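Engineer: All I have is the shape, not the residue letters:
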């Protein structure tokens, strides 16, 4: 019975991963400001969906793998930055999942947006030598895009049952 439940859960998760990877690769960036592109971070959205559907330790391992791959592709100078940020983000989202029954949806959405906002701030502060207001602005726009897409996916695809 256990193997049947893994098999039934594995196929939709693989399809979801492939879909979000293709979206991350081929979806155009929405804005480009001072050489910094702003668009949906489909990988963190995928990890958020998977953390609420599966056990946390599996998704933390997946976040490590995805983070290290992104480190080798995007920023070879800072190997481990994306890896650490992805693991920390998934771990804190896992804490939201752990206490999801005592929090309202508004607090959960606010906490998710706040966590992702600080992930973007940390990433942009290390990678870009810009003013702090610019980094704050870009991080805010990215977290708003994350928030809007998470709400859309939760309502349309999961009938508001994921978060």
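Structural biologist: Arrived safely. Quick caveat: nothing in here was measured; it's all calculated off a predicted structure.
Engineer: Could you measure from residue 41 over to residue 28?
Structural biologist: Using CB to CB, to the nearest Å, we find residue 41 at a distance of 14 Å from residue 28. Where C-beta positions appear, they are placed from N, C-alpha and C, glycine not excepted.
Engineer: need the contact list for the residue nearest to the spatial centre of the chain.
Structural biologist: When CA atoms, centre = their mean is applied to the chain, the residue found nearest the centroid is residue 44 (1.4 Å). Residues near residue 44 by CB atoms under 8 Å, 6 or more residues apart in numbering: 86, 89, 116, 119, 146.
Engineer: so how many other residues sit close to residue 121?
Structural biologist: Neighbours of residue 121 under the rule other CB atoms under 10 Å: 18.
Engineer: Secondary structure element holding it?
Structural biologist: According to DSSP states H and E, residue 121 maps onto helix 105-127.
Engineer: What residues sit buried inside that helix?
Structural biologist: Buried positions in helix 105-127, judged by neighbour count with 16 or more other CB atoms under 10 Å: 108-109, 111-113, 115-124, 127.
Engineer: hang on, the earlier thing: work out for me the element the residue nearest to the centre of the chain sits within.
Structural biologist: Assigned by DSSP H and E, residue 44 falls within helix 42-53.
Engineer: Check the offset of that helix from the chain's centre.
Structural biologist: Here the centre of helix 42-53 is set off from its chain's centre by 6 Å, with CA atoms, centre = their mean, to the nearest Å.
Engineer: now stretch 63-76
Structural biologist: 14 Å.
Engineer: Number the chain from 779, please
Structural biologist: With 779 as the first residue, the last one maps to stretch 841-854.
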